[in-house]
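Visitor: Below is the sequence, then the predicted model.
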Amino acid sequence: MAVVAKGLEGVIVDTSSISLIDGQAGRLYYRGYEIRDLASNASFEEVAYLLWSGELPTASQLSGLAGQMSKQRPIPESVTNLIRSLPASADELDVLRTVISAIGTGSLLTKPELSEAIAITAKIPTITTTFDRIRKGQKPIEPHPDLGHAANYLYMLTGKDPDPVKVEALNKYLILLADHGMNASTFAARVVASTRSDLYSALTAALGALKGPLHGGAPGPVLQMLQDIGMPDRAEGWMREQLKLGNRLMGFGHRVYKTTDPRASILKEIASQIEDKGLFGLAQHVEETGVRLLKEHRPEEKLYPNVEFYSALLMHAVGLPTDLFTATFAASRIVGWTAHVLEQAANNRLIRPAVQYTGPLEREVTPLEKR
């Protein structure tokens, strides 16, 4: 009988030159560049160019990409009206999924193209901020032609010139989350792309996967966990009770990393500089307590804070509403998704895994009147 790799764990389904995860050493590379080096020295637009093309841009190439993204950021009135028609209580990713699908109905391209990847990446913050303002009874704010991706996101939320410190923090967040190998949402996008479907269909599949709390939906619950704990001296009792009930400690553990997630370490450093000292101190205590209790509760596993733990603090500190945390994740990961879709389309084979059947055999149909 064949060995079943539940959840495809450890199964290599294809090759890719986009990103490399070293789970044992806790390292992440985009196109051969170590993630800390990129986060320290590049903009989100530079990293987007890298993931799409394979190389960091020259000054003129970066200027060209910035110009393309600036041109593509506005959304047509028909899309704004679609957003107005959605319930104010709609889930952030349901909004993105619906709007991206609607935008895709107007595309004449049948094969994914880089121009589409750039256009939809540019529009994600506009879609999200338009929804946020409409649901609050406010007028949407047009993107500023002189601001970059991270700065425009914060600008379109409030209409005010964003704090450069917060812009830089968000820029680093967007870099850190832009790609992460064959995760659930990326795999979903590649499966759809492998059927020779269009880019927008692949992206709606990716968003459907990202919506799940086991993948991209944890930063909000992390912040809620910290708020529920409230004080450092309540952390151990609260967390022990959650483990006793069989609940997950949000923001801990990763399927691939068996040591500290390198993105979490960088996000922690950034959060320490911009987050409220009281909340950051509580988070540090919860981190230390969680690692200790998980080692005690599940000694066979190595469970540390993942990228979502300190993502929650960073996004809170830059002023993003909690219910836009996962949409902000999407504003970053859209680059990785589109890079993978383009890579899949360039060297395609239909993804069609097998499954081991475990049901009954040789059954006979009983006539309806005798059942």
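Guide: Received it, and whenever you're ready, just let me know what you need.

Visitor: for Leu109, what are its contacts?
Guide: The contact partners of Leu109, taken as C-beta atoms under 8 Å, 6 or more residues apart in numbering, are 116, 198-199. All C-beta spots, glycine's among them, are computed from the backbone N, C-alpha and C.

Visitor: what's the burial count for Ser63?
Guide: When neighbours are defined as other C-beta atoms under 10 Å, Ser63 has 12 of them.

Visitor: Point me to the helix or strand that includes it.
Guide: helix 59-72 (DSSP states H and E).

Visitor: what's the answer for Leu28, then?
Guide: Applying DSSP H and E as the criterion places Leu28 in strand 27-30.

Visitor: strands paired with that strand, and their directions?
Guide: strand 19-22 (antiparallel), strand 33-34 (antiparallel) (DSSP bridges).

Visitor: Provide a list of residue ranges in this structure with pLDDT below threshold.
Guide: Along the chain, the model assigns pLDDT under 70 to residues 1, 217-218.

Visitor: try it again with 90
Guide: Low-confidence regions of the chain, defined by pLDDT under 90, span residues 1-13, 23-26, 106-111, 212-221, 248, 250-251, 253-261, 297-306, 308, 354-356.

Visitor: tell me the domain ranges of it?
Guide: Using automatic domain parsing, the domains assigned to the chain come out as 15-213+326-346, 219-317.

Visitor: Make TSV out of the ones you listed and add distance to Thr366.
Guide: Shown next, in TSV, are these (distance: least, C-beta to C-beta, whole Å):
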stretch	distance to Thr366
domain 15-213+326-346	38
domain 219-317	41
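
Visitor: how many other residues sit next to Pro321?
Guide: The tally of other residues near Pro321 (other C-beta under 10 Å) stands at 17.

Visitor: ok, it to Pro143 distance?
Guide: Using C-beta to C-beta, to the nearest Å, Pro321 is found at 19 Å from Pro143.

Visitor: do the same with Thr130
Guide: Thr130 is 10 Å from Pro143, where distance means C-beta to C-beta.

Visitor: Name the residues contacting each of those two.
Guide: Met156.

Visitor: Quick one: neighbours of the nearest residue to Lys302 once chain neighbours are set aside, just the number.
Guide: Of all residues not flanking Lys302 in the chain, Lys258 sits nearest, at 4.7 Å (C-beta to C-beta, 6 or more residues apart in numbering). Per other C-beta under 10 Å, the neighbour tally for Lys258 reads 14.

Visitor: hmm, back to that, who's in contact with the strand holding Leu28?
Guide: 18-22, 34-35, 38, 47, 50-51, 178-180, 262-263.

Visitor: Please repeat the previous calculation with a cut-off of 7 Å.
Guide: Residues from elsewhere that reach strand 27-30 (C-beta atoms under 7 Å, 6 or more residues apart in numbering): 19-21, 34-35, 38, 47, 50-51, 179, 262-263.

Visitor: can you list the residues you listed in CSV and add neighbour count and distance to Ile270?
Guide: Below are these laid out as CSV (neighbours: other C-beta atoms under 10 Å; distance: C-beta to C-beta, whole Å):
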residue, neighbour count, distance to Ile270
Ser19, 22, 21
Leu20, 14, 23
Ile21, 21, 21
Glu34, 14, 17
Ile35, 23, 13
Leu38, 23, 14
Val47, 27, 16
Leu50, 24, 21
Leu51, 22, 21
Asp179, 26, 19
Pro262, 22, 13
Arg263, 26, 11
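
Visitor: Between those residues, which sits nearest Ile229?
Guide: Arg263 (23.1 Å; C-beta to C-beta).

Visitor: check which helix or strand covers the one residue sitting closest to the centre of the chain.
Guide: For the chain, the residue nearest the mean C-alpha position is Phe329 (3.5 Å; C-alpha atoms, centre = their mean). If you go by DSSP H and E, Phe329 is part of helix 325-346.

Visitor: if we can go back for a sec, surely the residue nearest to the centre of the chain and Leu177 touch.
Guide: Yes - contact criterion C-beta atoms under 7 Å: Phe329 and Leu177 qualify, at 5.8 Å.

Visitor: Determine the residues that are contacts of both of the two.
Guide: The contact sets of Phe329 and Leu177 do not overlap (C-beta under 7 Å, 6+ apart).

Visitor: How far does stretch 195-213 sit from its chain's centre?
Guide: Centroid separation for stretch 195-213 versus its chain: 12 Å, with C-alpha atoms, centre = their mean, to the nearest Å.

Visitor: Report the buried residues of it.
Guide: 197-207, 209-211 (16 or more other C-beta atoms under 10 Å).

Visitor: Can you show me the helices along the stretch 101-250 of the chain?
Guide: Taking DSSP state H, counting those that start in this stretch as the test, the helices found in the stretch 101-250 of the chain are 114-135, 149-158, 164-176, 184-194, 199-210, 219-229, 235-244.

Visitor: To His340, which of the ones you listed lies closest?
Guide: His340 sits nearest to helix 184-194 of all the helices of the stretch 101-250 of the chain, at 5.2 Å, using C-beta to C-beta.

Visitor: buried residues in that closest one?
Guide: By neighbour count with 16+ other C-beta under 10 Å, helix 184-194 contains the buried residues 184-194.

Visitor: can you check stretch 54-65 too?
Guide: Neighbour count says stretch 54-65 has 56-57, 62, 65 buried, by 16+ other C-beta under 10 Å.
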